[in-house]
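Participant: Need coordinates for the below:
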Amino acid sequence: MALEWVVLGYAAGAEAIMLLFLTLPGLDGLRRGLISVVRGALKPMLSVIPFCLFLLMDIYWKYETRPTCDQEHACTPTEHLRHQKSIMKSQRNALLIAAALLLYWLLFTVTSLVVKIEQLNQRLNKLKRDD
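Facilitator: This next block holds a predicted model:
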């Protein structure tokens, strides 16, 4: 199961790097190429959404089937510690899922806004040349 989280972490990192490069000022010369790369990468990266839903279901299943310590002396300290570690990992993984989904949404939105800005700049330049 650790490989799935590594893949999701790399996907979220790639989304963050693309978003960073897309929003950095001063990269106007590279922006057109960067926009085409990001737009090409958005469709394959859409697979992050069902992947995150699958991992959320995995977290929920682990939460529902976890052993419980109902009585005071039912669990040993080792079992209690393992239970606490499992809860911490689930919380960390839920944050990773939320970050990956948020970064994908931001990347999609920023990319569409940058494309619209480029189109408006081209229209403006065309109108200036016609006058």
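Participant: got the residue ranges for the helices in the protein?
Facilitator: Assigned by DSSP state H, the helices in the chain fall at 2-23, 28-45, 48-64, 77-130.
Participant: What residues does the residue nearest the centre of the chain make contact with?
Facilitator: Closest to where the C-alpha atoms of the chain average out (CA atoms, centre = their mean) is residue 100, at 1.5 Å. Residues near residue 100 by CB atoms under 8 Å, 6 or more residues apart in numbering: 8, 11, 12, 15, 48, 52. To be clear about C-beta, it is placed using only N, CA and C from the backbone, and glycine gets the same treatment.
Participant: Show me the two of those residues that sit farthest apart.
Facilitator: 15 and 52 (11.9 Å; CB to CB).
Participant: These two: which is more packed in?
Facilitator: residue 15 (25 against 21; other CB atoms under 10 Å).
Participant: Would you agree the more buried one is in contact with residue 103?
Facilitator: Yes - if you go by CB atoms under 8 Å, residue 15 and residue 103 touch, sitting 3.9 Å apart.
Participant: Can you tell me the number of residues neighbouring the residue lying closest to residue 21 once chain neighbours are set aside?
Facilitator: Excluding the flanking residues, the one nearest residue 21 by CB to CB, 6 or more residues apart in numbering is residue 34, at 5.8 Å. Neighbour count for residue 34, taken as other CB under 10 Å: 17.
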